[in-house]
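Participant: Build me a model:
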Amino acid sequence: MTLRIGQLARMTSTTVRVLRSYEAHGLIRGERLPNGYRDYAPESVEQVLWIKELITCGFAPREIAGFLPCGEQLEPHSYAQGILQHEQKLAELDALIRRLTDRRLRLESRITQLRQGTAVPGCPETAATRPAG
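Facilitator: Purely as a prediction, here's the structure:
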């Protein structure tokens, strides 16, 4: 039994447009029928769910293209490469979290300074918002 693109979209809670994008990136493979319809193997459901999970982890479709789909036998080199890619993505996310935390702390400090009227000297915002004293 094969699945049409609309069926695959419903079964994976995604859209036909997203599935076409996955196919364009080489992440899934559908067979084009003579009538123009796309048919997908039943295993495509798990593959699309796997792709969606990787995307929610922060991987871009071009990064996912290098991974082998679930269920295939992984060679030791491929498996080690997959772990390395996941560790690199984790390090990228950790660095992003640090940068965002720093920005948040700076913004929080700025808001406190503005409320207290002690923001940067000479700043028009400070003079305009400084409480009358």
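Participant: who does the longest helix along the chain touch, helix- and strand-wise?
Facilitator: Longest helix of the chain, by residue count under DSSP state H: helix 76-116. Applying 3 or more CB pairs under 8 Å, 6 or more residues apart in numbering; DSSP states H and E, we find helix 76-116 packed against helix 124-129. C-beta here means a position set from N, CA and C on the backbone, and glycine is covered the same way.
Participant: Rounded mean pLDDT for the helix it packs on, please.
Facilitator: The pLDDT scores in helix 124-129 average 56.
Participant: Renumber starting at 10 from here on
Facilitator: Sure, I'll start counting at 10 from here, so that last one is helix 133-138.
Participant: What values do phi and psi take at Ala18?
Facilitator: phi -60, psi -50 (degrees, to the nearest 10).
Participant: Revised request: answer the last question for Ser22.
Facilitator: According to degrees, to the nearest 10, Ser22 has phi 50, psi 50.
Participant: Pull the contacting residues for it.
Facilitator: Ser22 sits next to no residue when contact means CB atoms under 8 Å, 6 or more residues apart in numbering.
Participant: ok, what's across the strand from Arg41?
Facilitator: Arg47 (DSSP bridges).
Participant: surely it meets Arg47?
Facilitator: Yes: when contacts are counted by CB atoms under 8 Å, Arg41 is listed as touching Arg47 (6.0 Å).
Participant: which of these two has more neighbours?
Facilitator: Arg47 (20 against 9; other CB atoms under 10 Å).
Participant: Before I go, just wanted to say thanks for your time.
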